[in-house]
Structures are given as C-alpha cells and as structure tokens.
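A.B. asks: the amino acid sequence is not available; the structure is as follows:
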C-alpha cells in the first residue's frame, strides 16, 4: 500500500514509518522539518509542509491508499493546531478519494464503552487542569473524525513507553479491558494491522500492553 503518515517526525511517528517500510509499504511522510526523520529508503517520500497548508497536505495524500496520523499537540497553547490540521486532512482525503483513516489519540479522550475507574477519572481531571488545551485539541480532532464519512479507526492510548515490541496488545475500553501503558512499537504495529483488519472500523478501541 501507499501510506500517507502525519506526525512522522515524532517518537512514535518515526517507529510507525520504520515499521511501514519494513512491511513493504510505500510511505509518504508529511513533515514540517524533514531532517528530523533521519530515514532514507527508495520506498520513502517526504513532503515538507505545515498542517495549516491545505495544498501541502493534499500533495501528501494524493495517490495514497490510506492515511495514518499520530499527530499530537506540542504545547498547551490554545492554538488547536491538530484539530485544524485534521480538517485539512479530511478535506484532502475527500478531494483525492482516499477512504481509510487511522488516527491515534490519548486514552483520556473518552468513548461510549468506557468504564473509567477512580485512577482514570483522576488522570482525566488532571489533564483538564494541567493540559486543558491539549485535551481539547484531541477531543475536537476525534469529533471531526467521527463526524466524517471516511472509513476511520481511532486508536486511543495510555502512557507511552520506549519498551521493545512485545506483540502482546490488549484492546477494548478504558477501565475495563486495558492497562496503563503501551510501548510505541506495539502501538505502531496495532495501527498498521488495522489496514487489513475491519474489526475496529468506525470504532475507537483503547489499547495497552
């Protein structure tokens, strides 16, 4: 497949790109600062641009079979840059007739099936206090994806670690089926698996190790 990956220069994004290339996919990585990716492959194309640049976003998506996003706010400033960028991504996907969309967000963004325990509620409350704009940006992003007509899957993750891949991933609802941590490598593998698996189509599983 040809995959357009947004958030490619982040810690999780780099792993996602590496795994996608290793699986034989052609990858178009969207990056504001391409040098941060530090990867080279005949299967890799880097499109330089900002999420606010609709034309650059469309160039990255053109010809793709699927779009994956591991975008996340880089500060708590009230810029809401990820949700604004998702509007451009969704518009470009419609323009280019690309249907499959797999995005990640924090487990603090709720879902109807969640049964948060006291610990989960405390974390969410702290996020609302300490990282109000970060949480709002991702809630807005998820709402945009849910309201779209794309074939979406939203992957919700708890605390991320740099642990080696285990291949052991639990998926389900917050407070019911998952733990408190997941390695970035396992997260990336789960996202890539969704390309050929309809189990979580139009759903928002939370995952953990």
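C.D. replies: Done, it's in. Everything numeric here is computed off the predicted structure, so don't read it as measured data.

A.B. asks: neighbours around residue 155, how many?
C.D. replies: Under the neighbour criterion other CB atoms under 10 Å, residue 155 is assigned a count of 25. For the C-beta atoms, the positions are set from N, CA and C on the backbone; glycine is no exception.

A.B. asks: that one belongs to a strand?
C.D. replies: Yes: Residue 155: assigned to a strand according to DSSP: H, G, I helix; E, B strand; the rest coil.

A.B. asks: quick check: closest non-adjacent residue to it.
C.D. replies: With sequence-adjacent residues excluded and distances taken as CB to CB, 6 or more residues apart in numbering, residue 155 is closest to residue 104, at 4.7 Å.

A.B. asks: equivalent analysis for residue 173, please.
C.D. replies: Residue nearest to residue 173 in three dimensions, not counting chain neighbours: residue 113, with 4.2 Å by CB to CB, 6+ apart.

A.B. asks: so what's that neighbour up against?
C.D. replies: For residue 113, the contacting residues are 172, 173, 176, by CB atoms under 8 Å, 6 or more residues apart in numbering.

A.B. asks: list the contacts of the residue of the chain most remote from its centre.
C.D. replies: Distance from the C-alpha centroid of the chain peaks at residue 118, with 26.4 Å (CA atoms, centre = their mean). Residues near residue 118 by CB under 8 Å, 6+ apart: none.

A.B. asks: for residue 140, see how far away it is.
C.D. replies: 27 Å (CB to CB, to the nearest Å).

A.B. asks: mind checking the backbone torsions on the nearest residue to residue 13 once chain neighbours are set aside?
C.D. replies: Nearest non-adjacent residue to residue 13, counting by CB to CB, 6+ apart: residue 7, 4.3 Å away. Phi and psi for residue 7, reported as degrees, to the nearest 10, are phi 90, psi 20.
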